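1. The sequence isn't on hand, but the structure is:
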């Protein structure tokens, strides 16, 4: 167990985060459903969170002179909270959008076209 | 200050004091009192003048007269010269006299004689005026003006510089204007005053020009210095000045003619004579004092004063003008019906005689006639005034006739004046006129002889003798005609005749002047005074010259100023002294003078008898003979031509007044059209052009910038709007592409760097 775990380094997390980020980005770009886009956003945010926590673990915990610093973890929790708030606002917008257009297809939402 | 100068100064200032008093208190003093105050002051003035004359003749009783290195003053010795530096001008004539425009006193025998004459006539006229103006509403104002005039006239005569003479010259002109227009409610009087003033202005321009020439070249206009510096002018050549420059005779002639033009205006010489007959609109005492005795003689006085610096050409000009004037005046006087106009034209004629005399070199003759004429012409005018008062302010001789029974004193004194002006022997006019004609004859004879010697024709010079001699006959004729029509024959207007009455207050002046008209010629010694005056001037200037040239010249310089004047005395009467100013051909000129004397005896002596006899015969029964003559058309034409003063007024009206008004109108119109309208239109055109430019700039530059900014923003927006599709996935894709590009760039740079 420890052997396996010891083989996992920072770059594995970064790769994971990158895969997650790209998945989220692709979701955002390709999904026409607003809810899907929201999911993509969530994926991107969590990719960032993975990065934050991983960097905190490998950079600070290893090289710190004294005590444990949890800056990354705290920042990740902030991001989760913000994501929740953002999801709430976005869902409200979607509801309102649905009320007006009876759909949540973002291709139809071209009111902001110049 | 030498006593005579002081007395004359007081004599000059007293009328000024009278003017001051009358100006402020005249109205309060009221009718007879204001006149008496004025008269009292003038009487004081007269007393001072007589006292000055006595001291002058006694020659130096007042102490040594040594002002400014002058010679001993006194009759026949030298003048009193007291310059007062007035305006600093720079330059200067000599070291002890740096550049100043001077005023000051110049007193010689002529001054003293003029003072006595002026104050006497002024006194007499003042007395007369108290009676003549008794019923006038503006009685005090009349005496105010009269006092101012006396002051101005005396100031003119005592003036030692041309500048001072000019200042007082203008003052007497002003007084003349005020007094001619005294009854300014009358339109004709106001017009006459303006005419006199304007005509005099024309002459005064000449005066100013002459004075300007003198001042520019000499830096000084005081009389003895002018005489000394230009003393050789009369000989005709160029004059060398102290600084070595030459004064060209042509310029000197222009100077002389310019100054003479001033005299032409004041002394009513042709062609500026037309104001004097109109000046008769003024009260008659004014005519007597200003327009007969004193102011009009100021021109003659001026020419007398500048005589030593006149060139022969200038003198010839003066003689020609004098000759024309005396002829015109006498011819027009022949037919006038207004008694004052007869006298006015007679004055013009007599002034012409004086000018002729001066022009021909008869300095003593001209000034002598000026003084004697003052007495008898003042008498004539006062006599006419007496007649006019008696006739209830009627001046037309047509309505007179037979008045001698009613106003005998006037008739007799008037007759005495007529005899004097006609040149009856033993009356004053005889001596002065005889002297003028004698010198005219002498000049003609001398000039004709010179011309013959040079192989030229000499006929023209004889005109200078023939014309004045012929006019002497006319003078006797028209003056006797005037007397006959007024006093002789049957009364032509019974009503006027019945009311005619003499006023006692006017006797005294008439009688006094009548006495002077008789004795003025031989017994007052005027001629001697004038001869002394010439000698005084010569001696003073000789000394001045000797002092200025000093040791450098060595010898004594002789004053040549009067060289062309005729010796006043015939050589057998008085031997000519060494310092006699004549330096040129004494014997020839004396011979000419004797010839002139013979000519006068031959041709002119009986002029008075012939002229007066003829007039007596023609006008014995009033206008009867004259009316018979007028039936002949040519006689009537000539009479009308003369009666209107030879149409000079009409001519001047057409040529000058209308000509100038129309000409000025045309010029003004042209100016208005071309210049003013042009300026306005030009301004408008410029404004229009400028606003066009401004509009263009506004439209294309300013608006262009604003619109350009708008267009730019619009175009940019148009270009950019296609990017704003509103599709959120597209946005994300673009965003990611940009990030990817940025990252790729950053990686590339990191790798290459």
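-> Cool, got the structure. Here the structure is a predicted model, which is why all the values come from computation and not from measurement.

2. tell me the contacts of residue 113?
-> Just so you know, I chose chain A. B:724-726 (C-beta atoms under 8 Å, 6 or more residues apart in numbering or on different chains). No exception for glycine: its C-beta is placed from N, CA and C like everyone else's.

3. that answer is for a different chain, and I need it for chain B
-> Taking C-beta under 8 Å, 6+ apart as the criterion, residue B:113 is in contact with B:53, B:371, B:526, B:529-530, B:533.

4. want to throw those into CSV with neighbour count, secondary structure and distance to chain A?
-> What follows is the contacts of residue B:113, written out as CSV (neighbours: other C-beta atoms under 10 Å in any protein chain shown; DSSP: H, G, I helix; E, B strand; the rest coil; distance: C-beta to the nearest C-beta, whole Å):
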residue, neighbour count, secondary structure, distance to chain A
B:53, 20, helix, 123
B:371, 26, helix, 120
B:526, 25, helix, 124
B:529, 26, helix, 123
B:530, 25, helix, 122
B:533, 24, helix, 119
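
5. re the thing from before, between the contacts of residue A:113, which is nearest residue B:402?
-> residue B:724 (132.0 Å; C-beta to C-beta).

6. so that closest one sits in a helix?
-> No. Counting by DSSP: H, G, I helix; E, B strand; the rest coil, residue B:724 is not found in a helix; it is coil.

7. Pretty sure it sits against residue A:112.
-> Yes. In terms of C-beta atoms under 8 Å, residue B:724 counts as a neighbour of residue A:112; the distance is 7.2 Å.

8. quick one, which of those two is more surrounded?
-> With neighbours defined as other C-beta atoms under 10 Å in any protein chain shown, residue B:724 and residue A:112 compare such that residue B:724 has more, 14 against 11.

9. in the lengthiest helix in chain B, what's buried?
-> Longest helix in chain B by number of residues, with DSSP state H as the criterion: helix B:187-218. Of the residues in helix B:187-218, those with enough neighbours to count as buried (16 or more other C-beta atoms under 10 Å in any protein chain shown) are B:189-190, B:192-193, B:195-197, B:199-200, B:202-204, B:206-211, B:213-215, B:217-218.

10. all strands of the stretch 351-500 of chain B, in order?
-> In the stretch 351-500 of chain B, no strands are found when defined by DSSP state E, counting those that start in this stretch.

11. can you give me the helices in it?
-> In the stretch 351-500 of chain B, the segments counted as helices under DSSP state H, counting those that start in this stretch are B:363-390, B:408-422, B:428-453, B:459-487, B:494-499.

12. Need the winner for burial among these.
-> Comparing those on average neighbours per residue, with mean count of other C-beta atoms under 10 Å in any protein chain shown, the densest one is helix B:363-390 at a mean of 29.

13. centre of the chain versus that helix, how much separation?
-> Relative to the centre of its chain, helix B:363-390 is centred 19 Å away, using C-alpha atoms, centre = their mean, to the nearest Å.

14. helices or strands up against it?
-> The helices and strands touching helix B:363-390, judged by 3 or more C-beta pairs under 8 Å, 6 or more residues apart in numbering or on different chains; DSSP states H and E, are helix B:109-132, helix B:284-288, helix B:295-306, helix B:339-359, helix B:408-422, helix B:428-453, helix B:507-519, helix B:526-553.

15. related to what we said a few turns ago, pLDDT and distance to residue B:82 added to the contacts of residue A:113, as JSON lines?
-> As requested, the contacts of residue A:113 are arranged in JSON lines below (pLDDT from 0 to 100; distance: C-beta to C-beta, whole Å):
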{"residue": "B:724", "pLDDT": "79", "distance to residue B:82": "111"}
{"residue": "B:725", "pLDDT": "78", "distance to residue B:82": "117"}
{"residue": "B:726", "pLDDT": "77", "distance to residue B:82": "117"}
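
16. how about the helices of the stretch 351-500 of chain B in CSV, adding mean pLDDT and distance to residue B:43?
-> Rendered in CSV, the data for the helices of the stretch 351-500 of chain B read as follows (pLDDT from 0 to 100; distance: least, C-beta to C-beta, whole Å):
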stretch, mean pLDDT, distance to residue B:43
helix B:363-390, 89, 16
helix B:408-422, 89, 21
helix B:428-453, 85, 23
helix B:459-487, 88, 31
helix B:494-499, 80, 33
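
17. thought residue A:71 was touching residue A:55?
-> No. The criterion here is C-beta under 8 Å, and residue A:71 misses it with residue A:55 at 9.1 Å.

18. Who has more neighbours out of those two?
-> For residue A:71 versus residue A:55, neighbours defined as other C-beta under 10 Å are more numerous around residue A:55 (17 against 12).

19. quick revisit: go through the helices of the stretch 351-500 of chain B and name the closest to residue B:561.
-> With C-beta to C-beta as the criterion, residue B:561 lies closest to helix B:363-390 of the helices of the stretch 351-500 of chain B, at 9.9 Å.

20. The closest residue in space to residue A:59 that isn't next to it in sequence and chain B: what is the separation?
-> Sequence neighbours aside, residue A:10 is the residue nearest to residue A:59 in space, at 7.9 Å (criterion: C-beta to C-beta, 6 or more residues apart in numbering or on different chains). As for residue A:10, its distance to chain B is 20 Å (criterion: C-beta to the nearest C-beta, to the nearest Å).

21. Tell me who's in contact with residue A:10.
-> With the criterion set at C-beta under 8 Å, 6+ apart, residue A:10 makes contact with A:54-55, A:58-59.

22. Quick one: low-confidence residue ranges for chain A.
-> Across chain A, the stretches falling below the confidence threshold (pLDDT under 70) are A:1-3, A:5, A:60-67, A:114.

23. ok, which residues in it are in contact with chain B?
-> Those residues of chain A that sit near chain B, judged by C-beta under 8 Å from any C-beta of the partner chain, are A:25, A:28-32, A:37, A:106-107, A:109-114.

24. what about 6 Å?
-> Those residues of chain A that sit near chain B, judged by C-beta under 6 Å from any C-beta of the partner chain, are A:28-29, A:106, A:110, A:112-114.

25. who wins for most neighbours among those?
-> Ranked by neighbours (other C-beta under 10 Å), the residues of chain A next to chain B are led by residue A:28, which has 23 neighbours.
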